[in-house]
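Colleague: Mind folding the following:
(one chain, ligands or ions: 1)
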Amino acid sequence: MYRALLTKAIRPLQPRFTALPPAFRFNLSATHPFSSASFPSNLDHSQSPAAFISDKRYGKAHTGDEIMSFIDRYQRNEVKDYQMSAWLMAVCLKGMTPNETAALTKSMVMSGDIADLTDVPGISVDKHSTGGVGDKISLVLAPLVASFGLVVPMMSGRGLGHTGGTLDKLDSIPGFSCDLDMDNFKNILRTVGVAMISPAGDMAPVDKRIYALRDVTSTVRAIPLQTSSIMCKKLAENPESLVLDVKFGSGAFNHEVEESIELAKSMVEAGEGDNKPTTAFITSMDEPIGWAVGNWNEIHESIQVLSNDENPLSADLLNLVVVQCGQMLLQGGVASTLQEGITMAKENLKNGKALAKFHEMVEAQGGSLEAVKNPTNYPSAKHSIEVISTRSGYVTAIDALAIGLVGVDLGAGRKFVEDDVDFTAGIELRKKTGDKVEEGDVLAVLSTNRDGVGEVGKQKVEGAYKVDEEAPSPTKLITNVVRKGGVVEDFDESMLQ
Ligand code: URA
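Modeller: Residues are numbered from 1 along each chain as shown. This next block holds a predicted model:
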C-alpha cells in the first residue's frame with residue numbers, strides 16, 4: 001500500500017547530474033571546459049606516474065592539474081593499482097598541503113555524478129558524522145531541521161565493523177526504502193523537505209577503488225586521504241552547506257581529540273574550498289550515544305527523542321542533535337545565532353513538528369507509519385540476556401568500541417560488507433557514565449537471535465563497563481567547534497542549559 005502511495009505522490013522527472021563548476025580555486029586551471037561530470041579532455045598528462053610518485057616521495061607539493069591528471073588516468077586504468085598504492089604510502093609519509101587535499105577531493109568528485117538540486121526549492125543543508133556506536137543522530141536531526149523549512153538531502157551509508165550505518169537502521173522500518181533514484185529523491189525533497197537514501201547515481205566511484213587499496217596497504221589513516229574520501233561523497237551530493245560531526249574516543253576512527261581537530265580543519269577547508277559553508281563539531285565517542293545500540297532499537301530511541309519523551313539515558317543524543325540542528329539553522333539562515341538555533345531546535349522537538357516531519361518522511365519513503373507510531377509492538381529477538389553489575393559504585397566508563405563489537409557478534413552489525421543485519425539484535429544500555437549502581441543492578445540487556453553468543457557477549461559488555469567507588473569527574477561531550485580558516489574554538493556547553 002505504501003509503495004502505491006509513493007508512486008502516486010511522485011511526479012517523474014529526468015534525473016539531472018551536473019559537472020563541477022569550471023572555475024576552481026587553488027592550483028587548478030580556471031578554464032576546464034566540461035559539460036558533464038568527467039575530467040577535461042585537455043589535461044596535461046605528460047608527467048609519468050613514476051615521476052609523480054617520486055615528487056611526493058621527496059616531499060614536493062603537486063599542482064592541482066598534476067593531481068587531477070593522476071586521478072583521471074587511474075580511473076582509465078592507465079595508472080595501475082600498484083602505482084596508486086605507492087603514491088598513497090608516500091602521502092601517508094610526506095602529507096599534503098591544504099591545496100593538494102582540496103585538489104584531490106575535487107578530482108575524486110569529478111570521477112562521477114554530481115547531484116543538481118537547483119530545481120528543488122529551498123536552502124539545502126546536510127550533515128556528516130565520522131561514525132560511532134549508537135550514533136542515531138541523523139535520524140532525529142534530519143527531520144528536525146526539515147521541520148523549519150530547510151531542505152535536507154541526506155545520503156548515508158551502511159554499517160561495517162563496530163560502527164552502525166544510518167541506512168541499516170532505516171531499513172529496519174517495515175517497507176522503508178533507502179534505494180531511491182534521483183527523481184524520487186528530489187520529489188520527496190520538494191514535498192517533504194527531507195529524504196534519507198543510499199547514494200543515488202555513481203558518485204565519486206574512484207573513492208571506492210582507492211579506499212579498497214588503502215584498506216589493504218595500511219594507508220587508511222592519513223588526514224588528506226581521509227578528508228578527500230569523506231568529503232568527495234558529500235560534495236558530490238552537493239548541498240549548499242554542511243555541518244560535520246567529527247568524533248574522537250574509543251569508538252571513533254580517531255582516538256585522540258587533537259587528531260580529530262586536525263581532520264576537522266582539513267574537512268572544513270575542503271568544504272569551504274567548494275564554496276559550501278562548513279562547520280565541524282568535535283564530539284566524544286568514548287561511550288555509545290544514548291541507550292540503544294543496534295538497528296530497530298535505535299529507531300525506537302530516535303522516536304522517543306522526536307516525541308520529546310525525556311529519558312536521561314538519551315541526554316547526550318539530545319544535546320548532540322540540538323547543537324548540530326542549531327548550527328544547520330544558522331547556516332540555512334533560519335536562526336541568527338547558534339544559541340537561538342539550539343532554542344528553536346528544542347522547541348520543535350517539544351511541539352511535535354519534528355515528529356510530524358519524521359512521519360511524513362517515513363510515509364514518503366514507503367515505511368510503515370503503524371510501526372513507527374507503535375515502536376514497542378516491533379518483534380523481539382529470541383534471546384534476551386541481562387548484564388548484572390557485580391559491584392556497587394559509579395559507572396566511570398563504557399568502552400564504545402567493545403560495545404560496538406559485541407553488537408556485531410549479536411547480529412546487529414557486519415563483519416563483512418556482504419553480511420546480513422538482524423534488525424532486532426542489539427544492546428540496551430540501562431546505565432551510562434556517571435550513573436550510580438548497586439551490586440545486582442542491570443547494566444545492559446543484550447538481544448540476539450543467534451544461539452550461543454549471549455554468554456560471551458555478556459562477559460564482554462561486563463568488561464566494557466568500568467564501575468568504581470568514586471564518581472567520575474564530568475567531561476565534555478562537545479569539546480570544540482572548527483570553522484573556516486582553521487579557527488578552533490572551545491565549545492561553550494552552557495549553551496545547552
Ligand atoms: N570514511 C570514508 O569514507 N573514508 C575514509 O577514509 C574514512 C572514513
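
Colleague: and stretch 201-219, average pLDDT?
Modeller: When pLDDT is averaged along stretch 201-219, the result is 93.

Colleague: With stretch 126-136 instead?
Modeller: Rounded mean pLDDT across stretch 126-136 is 95.

Colleague: For whatever residue of the chain ends up closest to the ligand, which residues are in contact?
Modeller: Residue of the chain nearest the ligand, by C-beta to the nearest ligand atom: Ser229 (3.4 Å). Every residue, glycine included, has its C-beta placed from N, CA and C. Neighbour list for Ser229: Met108, Asp207, Ile210, Tyr211, Arg214 [criterion: C-beta atoms under 8 Å, 6 or more residues apart in numbering].

Colleague: Isn't the last one up against Met89?
Modeller: No - the pair formed by Arg214 and Met89 falls short of the contact definition of C-beta atoms under 8 Å, at 9.7 Å.

Colleague: So for the two, which sits in the more crowded spot?
Modeller: In terms of neighbours (other C-beta atoms under 10 Å), Arg214 is the more surrounded of Arg214 and Met89; the figures are 23 against 18.

Colleague: Output the helix or strand hosting that one as CSV, nothing but the C-alphas.
Modeller: If you go by DSSP states H and E, Arg214 is part of helix 205-216. C-alpha atoms of helix 205-216 as CSV (Å, rounded to 0.1, in the frame of the first residue of the first chain):
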residue,chain,number,x,y,z
PRO,A,205,33.4,6.0,-8.0
VAL,A,206,37.2,6.4,-7.8
ASP,A,207,37.0,6.7,-4.0
LYS,A,208,35.6,3.1,-3.8
ARG,A,209,38.7,1.8,-5.7
ILE,A,210,41.2,3.9,-3.7
TYR,A,211,39.5,3.0,-0.4
ALA,A,212,39.8,-0.7,-1.2
LEU,A,213,43.6,-0.2,-1.8
ARG,A,214,44.0,1.9,1.4
ASP,A,215,42.3,-0.9,3.3
VAL,A,216,45.0,-3.4,2.3
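
Colleague: Which strands or helices does it pack on?
Modeller: helix 64-75, helix 81-94, helix 98-109, helix 223-237 (3 or more C-beta pairs under 8 Å, 6 or more residues apart in numbering; DSSP states H and E).

Colleague: and if we set it to 6 Å?
Modeller: Judged by 3 or more C-beta pairs under 6 Å, 6 or more residues apart in numbering; DSSP states H and E, helix 205-216 is in contact with helix 81-94, helix 223-237.

Colleague: Adding mean pLDDT and distance to Met495, write those out as JSON lines.
Modeller: Putting the helices and strands packed on helix 205-216 into JSON lines (pLDDT from 0 to 100; distance: least, C-beta to C-beta, whole Å) gives the following:
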{"stretch": "helix 81-94", "mean pLDDT": "98", "distance to Met495": "38"}
{"stretch": "helix 223-237", "mean pLDDT": "95", "distance to Met495": "26"}
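
Colleague: Now find how far off-centre stretch 374-394 is within its chain.
Modeller: Distance, stretch centre to chain centre, for stretch 374-394: 27 Å (C-alpha atoms, centre = their mean, to the nearest Å).

Colleague: what does it rub up against?
Modeller: Outside of stretch 374-394, the residues within contact range by C-beta atoms under 6 Å, 6 or more residues apart in numbering are 296, 300, 303, 424-425, 436-439, 441-449, 454, 458, 461-462, 467-469, 471.

Colleague: Narrow those to those in strands?
Modeller: Among these, the subset assigned to strands under DSSP state E consists of Lys436, Val437, Val442, Leu443, Ala444, Val445, Leu446, Ser447, Thr448, Val467, Asp468.

Colleague: Could you dump those into JSON lines with neighbour count, pLDDT and distance to Met328 added?
Modeller: As requested, the ones in strands among the contacts of stretch 374-394 are exported to JSON lines (neighbours: other C-beta atoms under 10 Å; pLDDT from 0 to 100; distance: C-beta to C-beta, whole Å):
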{"residue": "Lys436", "neighbour count": "12", "pLDDT": "98", "distance to Met328": "36"}
{"residue": "Val437", "neighbour count": "19", "pLDDT": "98", "distance to Met328": "37"}
{"residue": "Val442", "neighbour count": "13", "pLDDT": "98", "distance to Met328": "37"}
{"residue": "Leu443", "neighbour count": "23", "pLDDT": "98", "distance to Met328": "35"}
{"residue": "Ala444", "neighbour count": "26", "pLDDT": "98", "distance to Met328": "32"}
{"residue": "Val445", "neighbour count": "17", "pLDDT": "98", "distance to Met328": "34"}
{"residue": "Leu446", "neighbour count": "28", "pLDDT": "98", "distance to Met328": "35"}
{"residue": "Ser447", "neighbour count": "24", "pLDDT": "98", "distance to Met328": "33"}
{"residue": "Thr448", "neighbour count": "26", "pLDDT": "98", "distance to Met328": "36"}
{"residue": "Val467", "neighbour count": "21", "pLDDT": "98", "distance to Met328": "38"}
{"residue": "Asp468", "neighbour count": "12", "pLDDT": "97", "distance to Met328": "38"}
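
Colleague: ok, and which of the residues you listed reach the ligand?
Modeller: When C-beta under 6 Å from any ligand atom is applied, no member of these is adjacent to the ligand.

Colleague: quick one: contacts for Ile197?
Modeller: By C-beta under 6 Å, 6+ apart, Ile197 lies in contact with Met155, Cys178, Leu180, Phe185.

Colleague: Which other helices and strands does the helix or strand containing Val243 contact?
Modeller: For Val243, the enclosing helix or strand under DSSP H and E is strand 241-248. Helices and strands touching strand 241-248, as assessed by 3+ C-beta pairs under 6 Å, 6+ apart, comprise strand 125-129, helix 257-273, strand 278-284, helix 315-331.

Colleague: Dump these into CSV; add mean neighbour count as well.
Modeller: As requested, those are exported to CSV (neighbours: other C-beta atoms under 10 Å):
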stretch, mean neighbour count
strand 125-129, 25
helix 257-273, 23
strand 278-284, 25
helix 315-331, 25
